[in-house]
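# Kindly generate the corresponding structure for this input.
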Amino acid sequence: MKSTVNLEDVVNKLDNHALPLTTRMPNIKVFSGSSHPDLAQKIVDRLGIDLGKVVTKKFSNMETCVEIGESVRGEDVYIVQSGSGEINDNLMELLIMINACKIASASRVTAVIPCFPYARQDKKDKSRAPITAKLVANILSVSGADHIITMDLHASQIQGFFDIPVDNLFAEPAVLKWIKENIPDWKTSIVVSPDAGGAKRVTSIADRLNVEFALIHKERKKANEVACMVLVGDVKDRTAILVDDMADTCGTICHAAEKLIEAGAVKVYAILTHGIFSGPAISRINNACLEAVVVTNTIPQERHMQECPKIQCIDVSMMLAEAVRRTHNGESVSYLFSNVPY
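Numbers count the residues shown, from 1 in each chain. Take a look at the predicted model:
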């Protein structure tokens, strides 16, 4: 008797057999933009892989051109690009790299943005003001980014501007480690926020160090210009540690240091996650009564450290590398919110 074969059953069997193959973890590729290649190299060194081949150049009319030099089909791609230097060019370069990988059939594209560009323009604080951080979030999503890894967002609510997952890592564990290793009398010190917006960050650090905290209330006449400051707290005969997420022209930090010395502080340290240091920042730091200005390497700091001996750098590449590794392997990154990986 002749047997009949049901074509639909055969197709279903083949589909079921192929299912485990689709669940395999794709290989990993890490590419660097031109904003911070040194940080990208440190990340891949820690991961034990090579940096992906990519060529970025500009045409004579200043259009950005990107050429991905290797296959990314089915790969888990990470693109490291910080919001520093020529911010607009670097942002455009990142968008083009994301899109180039996405249309080349990358399985997932993650933008690793240690310093998020336009993060300070995160609210409509006056009439007709743009919310540019939301615009940046939109264009990153439209370009094809599936995931964002960043560090110390100016306002953590920026995560809500995205419809894709955002991992906002904290520099706090690395900052605590630096304080304990480099400030001899840290147990009797006082942690100070240079503005009301940083109160939550400062109280968290003060709690973990088991020390007191103080607050400086400032009023601005306009952007990058502080009108007056009022200190809330007692810093007399103590080492004061100023903590903030970023310093641009350093007017706030330098005025705050003067205020603390006037109030009787013995020494003043400034610890900042993102050291932008634009305009008169370096000369202000050199002339300020600060023992040291400590920043992370989310932004390149080699030139700044040469121009100003007070600037010291904390390497956070191991935190970003561990976040990449854990994301790639489908593990939780919450360990990094309170610990520095070894």
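# Would you enumerate the residues in contact with Glu258?
Ala288, Cys289 (Cβ atoms under 8 Å, 6 or more residues apart in numbering). C-beta here means a position set from N, CA and C on the backbone, and glycine is covered the same way.
# my bad, should have said Ala137
When contacts are counted by Cβ under 8 Å, 6+ apart, Ala137 touches Ile158, Phe161, Phe162.
# out of those residues, who has the most neighbours?
Sorting these by how many neighbours each has (other Cβ atoms under 10 Å) puts Ile158 first, at 23 neighbours.
# What separation do you get for that one and Lys259?
29 Å (Cβ to Cβ, to the nearest Å).
# again, but for Ala106
From Ala106 to Lys259 the distance is 50 Å (Cβ to Cβ).
# Tell me which of the two has more neighbours.
Applying other Cβ under 10 Å to Ala106 and Lys259 shows that Ala106 carries more neighbours, namely 24 against 21.
# What segments of the stretch 151-300 of the chain are helices?
For the stretch 151-300 of the chain, the helices defined by DSSP state H, counting those that start in this stretch cover 172-182, 199-209, 251-262, 281-287.
# Quickly compare those helices and say which is most buried.
Highest mean neighbour count of the helices of the stretch 151-300 of the chain: helix 251-262, a mean of 21 (counted as mean count of other Cβ atoms under 10 Å).
# Distance from the chain centre to that helix, please.
In terms of Cα atoms, centre = their mean, to the nearest Å, the centre of helix 251-262 is found 26 Å from the chain centre.
# any idea of the mean pLDDT in that helix?
Looking at helix 251-262 alone, the average pLDDT works out to 91.
# same check, this time on stretch 142-160
The average of the pLDDT scores along stretch 142-160 is 95.
# Assumed Tyr78 was part of a strand.
Yes - read with DSSP: H, G, I helix; E, B strand; the rest coil, Tyr78 is one of the residues of a strand.
# following the lowest-mean-pLDDT helix or strand in the chain, which helix or strand comes up?
When the helices and strands of the chain are scored by mean pLDDT, DSSP states H and E, helix 7-22 comes last with a mean of 41. Going down the chain from helix 7-22, the next helix or strand is strand 28-32, by DSSP states H and E.
# hmm, back to that, with distance to Ile241 added, can I get the helices of the stretch 151-300 of the chain in TSV?
Converted to TSV, the helices of the stretch 151-300 of the chain look like this (distance: least, Cβ to Cβ, whole Å):
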stretch	distance to Ile241
helix 172-182	7
helix 199-209	8
helix 251-262	10
helix 281-287	16
